[in-house]
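>>> quick one, structure for this:
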Amino acid sequence: MLLPLLLAVLPVTAPDTLPHVIVFAPGDSAKLSETESDAGPAKNRRATLRARFQADLESPATFAKPLPLGEFPVYGRLVPGARGEIEFHPSFAGEFVTKVSLVGLLPNHRYILTLNGNPQRDGNASLPTPVPGNAAEHYFDFQTITTDKGGSYGGWFAVVLPTGSYDLRFYVKDTSDFKIVLYHDFFPFGID
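Next up is the predicted model:
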């Protein structure tokens with residue numbers, strides 16, 4: 001009963017009209033529609049990753065059950081009415097492919113999408129940035145997004161990660177104070 005209700009309030013946009021972003025590394029992302037001018041082996045690897053993401057958008061691999069995003073107790077900041085969900089492949093070659101759907105956030109506001117680890121869980125060491133004050137825990141701020149005039153956002157992402165098993169949290173952080181406004185607790189996936 002909750003899933004049909006959630007789907008009714010999340011933005012419904014055709015997959016080909018949502019942004020398609022591939023994230024190669026921290027600070028290095030591109031829309032799938034953009035051409036690249038790199039040369040050499042790096043360009044070939046990037047082209048392979050882009051082609052894989054494009055092929056998946058046209059004929060998607062199996063998705064895991066959508067995960068709801070909710071408020072982050074204790075350490076987060078409440079944005080009344082904010083909610084969302086992520087859909088993702090439980091296993092994919094070279095990339096964490098996810099669709100992010102958000103509603104009820106501040107209009108025309110910037111947020112950071114983050115994968116966050118834990119030293120006792122899979123994949124933590126594969127994330128690029130240590131948490132300040134807790135260097136054993138790592139995270140990846142993989143994209144900064146901007147909501148529309150109604151406080152909604154939807155987009156597809158392919159986040160390039162090393163091969164392995166992952167068990168991470170998903171955060172939506174406000175750029176004004178870096179507080180977590182939406183999250184989903186640990187969820188497993190694999191990078192082949």
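>>> chain center to the longest helix seen in the chain: distance?
Longest helix of the chain, by residue count under DSSP state H: helix 41-58. On the basis of Cα atoms, centre = their mean, to the nearest Å, the separation between the geometric centre of helix 41-58 and that of its chain is 18 Å.
>>> helices and strands around that helix, which ones?
strand 20-25, strand 95-103, strand 153-160 (3 or more Cβ pairs under 8 Å, 6 or more residues apart in numbering; DSSP states H and E). Quick note: C-beta positions are derived from backbone N, CA and C, even for glycine.
>>> for the record, mean pLDDT for stretch 98-114?
Across stretch 98-114, pLDDT averages out at 97.
>>> swap in stretch 159-172?
Stretch 159-172 comes out at a mean pLDDT of 98.
>>> pull out the buried positions in it.
Val159, Val160, Leu161, Tyr166, Leu168, Arg169, Phe170, Tyr171, Val172 (16 or more other Cβ atoms under 10 Å).
>>> so can I have a markdown table of the residues you listed showing distance to Glu71?
Listed next are the buried residues of stretch 159-172 as a markdown table, based on distance: Cβ to Cβ, whole Å:
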| residue | distance to Glu71 |
| --- | --- |
| Val159 | 24 |
| Val160 | 29 |
| Leu161 | 27 |
| Tyr166 | 23 |
| Leu168 | 18 |
| Arg169 | 13 |
| Phe170 | 13 |
| Tyr171 | 12 |
| Val172 | 10 |
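>>> tell me the one of these nearest Arg45?
Distance to Arg45, by Cβ to Cβ, is smallest for Val160 among these, at 9.1 Å.
>>> how near is that closest one to Lys65?
According to Cβ to Cβ, to the nearest Å, Val160 and Lys65 sit 24 Å apart.
>>> got any ranges where this structure has weak pLDDT?
1-16, 36-40 (pLDDT under 70).
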